[in-house]
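Visitor: Here you go, sequence then predicted model.
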Amino acid sequence: MTRWTTAALLTALALTGLTACSDGESASSVASKVASAASRAGDAVASATAEAGRRFDDIKNGVDAKEDVRIGAPATASDGRTTVEVTAANRAASAKSFAVQVDFTDTTGKLLDAVVVTVPDVPAGGTGKGTARSTHRLSGDVRAKVSRAVRY
């Protein structure tokens, strides 16, 4: 477990422990609830990563296009989710689509979420844009990076 995760769990435990006394819950019951919440958060990241992998597995005859994709700075949308603009440059002689996996991380590089955005029908020699949106609300200083991209 990272220092950040440990600190977050201990903070959550301390905060819920303050209210647990009034609810008659034991410290071990509160600790169990905190551990369960942390496990669900880890499961969400694993699920998002697996879904991204499945989306790429479905693409036939794709070409690595990571060098042809740029992303903007992460922003928080009105619904609290993190978004980032994705721009794909098509160097092919015909219109192509792009699948781009964007990983959202914290400042230490810990994976918080992974999403795949499709930029469809980018004209030959042109660029296309899409928006990657996190699957849930992310907190703290969120970074974004292109993990992989395929032109097809």
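Guide: Thanks, I have the structure now.
Visitor: Compute the mean per-residue pLDDT across stretch 70-88, please.
Guide: The average pLDDT for stretch 70-88 rounds to 97.
Visitor: I meant to write stretch 111-129 there.
Guide: Here the average pLDDT along stretch 111-129 is 97.
Visitor: how about it: buried residues?
Guide: For stretch 111-129, burial by neighbour count (16 or more other C-beta atoms under 10 Å) applies to 112-119, 122, 128. The way it works is simple: take the backbone N, C-alpha and C, and place the C-beta from them, glycine included.
Visitor: cool, stretch 136-147 as well?
Guide: 138, 142-144, 146-147.
Visitor: Show me which pair in the residues you listed is furthest apart.
Guide: Farthest apart among those by C-beta to C-beta are L138 and V146. That separation is 17.2 Å.
Visitor: how about TSV for the buried residues of stretch 136-147, with pLDDT, secondary structure and distance to V102 added?
Guide: Formatted as TSV, the buried residues of stretch 136-147 follow (pLDDT from 0 to 100; DSSP: H, G, I helix; E, B strand; the rest coil; distance: C-beta to C-beta, whole Å):
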residue	pLDDT	secondary structure	distance to V102
L138	95	coil	12
V142	97	coil	11
R143	98	strand	10
A144	98	strand	6
V146	98	strand	6
S147	95	strand	7
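Visitor: re earlier: can you tell me which of the buried residues of stretch 111-129 is closest to Y152?
Guide: T118 (9.9 Å).
Visitor: If anything else comes up later, I'll come back, but that's it for now.
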